[in-house]
Each structure stands twice: as C-alpha cells, then as structure tokens.
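Engineer: Provided below are the primary sequence and the corresponding predicted coordinates.
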Amino acid sequence: MTPEQAAAIGQDALIWLAGRPEALAAFLAQSGLAPDDLRPRAADPEFLGFVLEFLTTADQMILDFAAEAGLDPATPMRARAALPGGAEHNWT
C-alpha cells in the first residue's frame with residue numbers, strides 16, 4: 001500500500017468518525033484536539049495515522065468503519081502501517 005492510498009483511507013476514517021458524535025468525542029479527548037483542529041490536520045499523514053490507530057482501539061469500531069468503507073477489516077491496519085509511525089507497530 002502506498003502512503004497516498006493509506007492517507008486516503010485515513011481521510012475516509014476521519015470523515016467516518018466525524019459522523020459519529022460519541023466516537024468523535026472520544027477521539028478528541030484522546031488527542032487533545034478541538035473540533036476546529038480537524039480540518040487543518042486532515043492532510044497530515046502523521047495525524048491520519050493517529051486517526052487509524054484510534055479506530056483500532058475498539059474491534060467494533062474498526063469493523064464498522066471497514067464495512068461502511070467497503071474494506072477488508074485488515075486494510076485500515078495496513079494503511080496505518082504505511083503512514084508515519086506505523087512501522088513501529090506489528091499489525092499481524
């Protein structure tokens with residue numbers, strides 16, 4: 001997976017989170033960001049990696065995102081690995 005493909009999946013994940021108030025609130029609390037911080041960071045590969053990593057904190061969240069995005073549930077984890085900081089994790 002290329003970093004560009006991974007970033008696109010991360011952006012889709014951010015949009016998905018934005019449509020779920022409870023999940024978005026948890027993400028904002030964990031990241032320390034305010035809602036107004038999201039749009040300017042939406043193209044930052046490191047931030048998008050954090051978005052994908054957040055999704056992996058709950059099996060149901062990653063399964064729901066993958067299903068709605070038409071992705072295999074392992075794809076967001078592979079995308080995370082392709083973004084900055086992702087190589088530090090063993091997603092297998």
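Structural biologist: Sure thing, it's come through. Numbering: from 1, shown residues only.
Engineer: what does the model give residue 85 for pLDDT?
Structural biologist: On pLDDT, residue 85 comes in at 75.
Engineer: So what touches the longest helix anywhere in the chain?
Structural biologist: Taking DSSP state H as the criterion, the chain has its longest helix at helix 3-18. With contact meaning CB atoms under 8 Å, 6 or more residues apart in numbering, helix 3-18 is reached by 23-24, 27, 38, 42-43, 45, 47-49, 51-52, 54-55, 65, 68-69, 71, 75-76, 78-83, 86. (Glycine included, C-beta is placed from N, CA and C.)
Engineer: and if we set it to 6 Å?
Structural biologist: Taking contacts as CB atoms under 6 Å, 6 or more residues apart in numbering, the residues outside helix 3-18 that touch it are 23-24, 27, 42, 45, 48, 51-52, 55, 65, 69, 79, 82-83.
Engineer: Next SSE downstream of it?
Structural biologist: helix 21-31 (DSSP states H and E).
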